[in-house]
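# Need the 3D shape of this:
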Amino acid sequence: MNEKIALLEKKLEGMKNMIPKAGASDEQIARYFSEQDAIIEDITKAVIDMHGVTTSEMESMKDTIKSLKDELKKADKSITVMDEKEAAYGIGKMLAALWTNNRQTLGEMKCCPNFGMDKWTNIKDYSWVTGKGFIRSKDALGDPIGNMESNDQYLINPVYSEILIEAAAEESCMMKLVSERRMTGPSLFLDEDEGSLVKMTWNTNYGQQIKSVTATSPSRVELKAYTLAGFISWYDEFEEDAFVDIGRRFIKKFKASYAHEFDTQCLTAKATPFTGALNAKNVNVQSISSTDGSKLSYEDFRKAEMLVPSAERAKCKWFLNDTVLNEITNIKDSSGKPLWRQPWEKMPGVIDGYEGIVCSVLPQFTDLKADTPFAVFMNPERIIHGNRKEIELKRFSDTTESLEYGQEFLRFRKRDGFLATMAKNMAVLKTAKA
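Predicted structure coming up:
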């Protein structure tokens, strides 16, 4: 058989084996089926364009494609959204299998060993076959599979990855607001949207020569993805009736830590590898009149807003700590009455007409010191998140803590990139210099 045809048939079989029975949400399910349709369409076009394909090979491919489409149609009618308890049970069962290195359960739950260091394994290229283990479907014929018995780090089922990320998004103040780009490699070059207008000319007579116009080339920026690792202290209690509790415990720890790190990289990061909006190069700065925030006024917010182009302000929001917002809303007039918020009113959702987003990673009012940025006015879509979707898990037991205290760890890893673009269209509030 033609080698390319054989590889494509294996890929289609792998896709069939990876069809989920349940999804994280209606949106995730719809996105999954859309992605599968696009892949099938690409494969179909590739087969049609191939040379030297026999009639029998073409018919075999058609049958394989039809079989996959039929399975997807069945799945589309039967697939359900997991409720919270089902999701926790599934994640708990997966963690128990990882902890005990139960490869069969991990394979049946559509997890996959990660053999790559810099370049991770593509989970879609592997499937679990009872009696044989994890089988790679994308290798050229004759390529050795290698030793799959010794690897103890696994990429988890994409459905559970989606569940974990959606849980984190509920905790994060930034995840639902930033622009997201799917990354399939370590680096991606993007055009930076500077909001510049397209040059145009008027033709005033029929038959008039169309004059050439030099196009304005946008700036190019590079979005790089790096690997984030987190270590969760763990315990060895993996009875089946505890799966739900184990899953809930992991979800709770993952969503809190990942959401906090995500917001930090978007807003306050200033060390390698990323720089957040507060410390972005070329960002506009509005300094208040005091070094500790004691003379902070709503007028400082208004002055900062005016540093941002008017066309950009329509999509801008304020990002600040709730203690800073509370300080502003407590400002009183000469008679001692609150200017902004009466005692019976809740915290306002707008600041000078713009939505205010409270973020715990931003500096608290009592922590303000001289020359400290503490709030930012921006369009959050200017922050780009590069998402390499896989999440990897690994058990760590041979550590110093394990030897000394009997403490073991579960490591999770995820690859992400962050880039604050168009900083000149952002404005930061900062305390005065000493």
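
# Not counting sequence-adjacent ones, nearest residue to P363?
Leaving aside its chain neighbours, P363 sits nearest to F374 (4.4 Å; criterion: C-beta to C-beta, 6 or more residues apart in numbering). For glycine as for every other residue, the C-beta is placed from the backbone atoms N, C-alpha and C.

# SS state for the nearest residue to I39 once chain neighbours are set aside?
Closest residue in space to I39, ignoring its immediate chain neighbours: M15 at 6.9 Å, by C-beta to C-beta, 6+ apart. What DSSP: H, G, I helix; E, B strand; the rest coil gives for M15 is helix.

# M15: how many residues sit nearby?
19 (other C-beta atoms under 10 Å).

# Local confidence estimate at it?
Listed pLDDT for M15 reads 80.

# Hmm, it is touching A38, no?
No: here M15 lies out of contact with A38, judged by C-beta atoms under 8 Å, at a distance of 11.7 Å.

# tell me the average confidence for the helix or strand containing E166?
Taking DSSP states H and E as the definition, E166 sits inside helix 158-171. The pLDDT scores in helix 158-171 average 94.

# after that helix comes which helix or strand?
Downstream of helix 158-171, the next assigned helix or strand under DSSP H and E is strand 179-182.

# helices or strands next to that following strand in the packing?
Here strand 179-182 touches strand 383-396, going by 3 or more C-beta pairs under 8 Å, 6 or more residues apart in numbering; DSSP states H and E.

# okay, the strand it packs on in PDB with CA atoms only?
Extracted in PDB, the C-alpha atoms of strand 383-396 (Å, rounded to 0.1, in the frame of the first residue of the first chain):
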ATOM      1  CA  ILE A 383      -2.700  41.300  25.700                       C
ATOM      2  CA  ILE A 384      -2.200  38.200  23.700                       C
ATOM      3  CA  HIS A 385      -2.200  34.700  25.300                       C
ATOM      4  CA  GLY A 386      -0.500  32.000  23.200                       C
ATOM      5  CA  ASN A 387      -2.200  28.800  24.200                       C
ATOM      6  CA  ARG A 388      -0.500  25.400  23.600                       C
ATOM      7  CA  LYS A 389      -3.400  23.400  24.900                       C
ATOM      8  CA  GLU A 390      -1.900  20.200  26.400                       C
ATOM      9  CA  ILE A 391      -1.500  19.700  30.200                       C
ATOM     10  CA  GLU A 392       1.100  17.100  31.400                       C
ATOM     11  CA  LEU A 393       1.000  15.300  34.800                       C
ATOM     12  CA  LYS A 394       3.900  13.400  36.500                       C
ATOM     13  CA  ARG A 395       4.300  11.900  39.900                       C
ATOM     14  CA  PHE A 396       7.400  13.000  41.900                       C
END
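
# rewinding a little: any idea how far the residue nearest to I39 lies from I65?
Counting by C-beta to C-beta, to the nearest Å, the separation of M15 from I65 is 10 Å.

# R249 too?
43 Å.

# How about S179?
Counting by C-beta to C-beta, the gap from S179 to I65 is 35 Å.

# just F301 next, same as before
58 Å.

# okay, the two: which has more neighbours?
Each of F301 and I65 has its neighbours counted (other C-beta under 10 Å); F301 has more, 22 against 18.

# which residues touch that one?
By C-beta atoms under 8 Å, 6 or more residues apart in numbering, the residues touching F301 are W318, I328, I351, D352, A375, F377, L429.

# isn't the third one right next to C316, touching?
Read that as I351. No: look at I351 against C316 with C-beta under 8 Å: they stay out of range, at 10.7 Å.

# OK, contacts around L68?
For L68, the contact set (C-beta under 8 Å, 6+ apart) comprises L12, M15, K16, I40.

# Only whichever of the residues you listed are buried, select them in ChimeraX.
For the buried members of those, the matching ChimeraX selection, counting by 16 or more other C-beta atoms under 10 Å, is:
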select :12,15,16,40
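
# Pull the most distant pair out of the contacts of L68.
K16 and I40 (10.9 Å; C-beta to C-beta).

# contacting residues for the residue most central in space within the chain?
By C-alpha atoms, centre = their mean, the mean C-alpha position of the chain lies nearest to N387, the distance being 4.4 Å. Going by C-beta under 8 Å, 6+ apart, N387 touches E180, R181, R182, M183, D416.

# 6 Å instead?
Residues counted as contacts of N387 (C-beta atoms under 6 Å, 6 or more residues apart in numbering) are E180, R182.

# Restricting to C-alpha, output the helix holding E166 in PDB.
What follows is helix 158-171, C-alpha atoms only, in PDB (Å, rounded to 0.1, in the frame of the first residue of the first chain):
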ATOM      1  CA  PRO A 158      -8.100  17.100  26.200                       C
ATOM      2  CA  VAL A 159     -11.600  17.000  27.600                       C
ATOM      3  CA  TYR A 160     -10.200  17.100  31.200                       C
ATOM      4  CA  SER A 161      -7.700  19.800  30.100                       C
ATOM      5  CA  GLU A 162     -10.700  22.000  29.000                       C
ATOM      6  CA  ILE A 163     -12.400  21.300  32.300                       C
ATOM      7  CA  LEU A 164      -9.400  22.500  34.300                       C
ATOM      8  CA  ILE A 165      -8.800  25.600  32.100                       C
ATOM      9  CA  GLU A 166     -12.500  26.600  32.300                       C
ATOM     10  CA  ALA A 167     -12.400  26.200  36.100                       C
ATOM     11  CA  ALA A 168      -9.400  28.500  36.200                       C
ATOM     12  CA  ALA A 169     -11.100  31.000  33.900                       C
ATOM     13  CA  GLU A 170     -13.800  31.400  36.600                       C
ATOM     14  CA  GLU A 171     -11.100  32.400  39.100                       C
END
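
# buried sites along it?
Neighbour-count burial for helix 158-171, with 16+ other C-beta under 10 Å as criterion, is recorded at P158, V159, Y160, S161, E162, I163, L164, I165, E166, A167, A168, E171.

# Report the distance from that helix to the chain centre.
9 Å (C-alpha atoms, centre = their mean, to the nearest Å).

# again, but for stretch 10-25
The answer for stretch 10-25 is 21 Å, by C-alpha atoms, centre = their mean.
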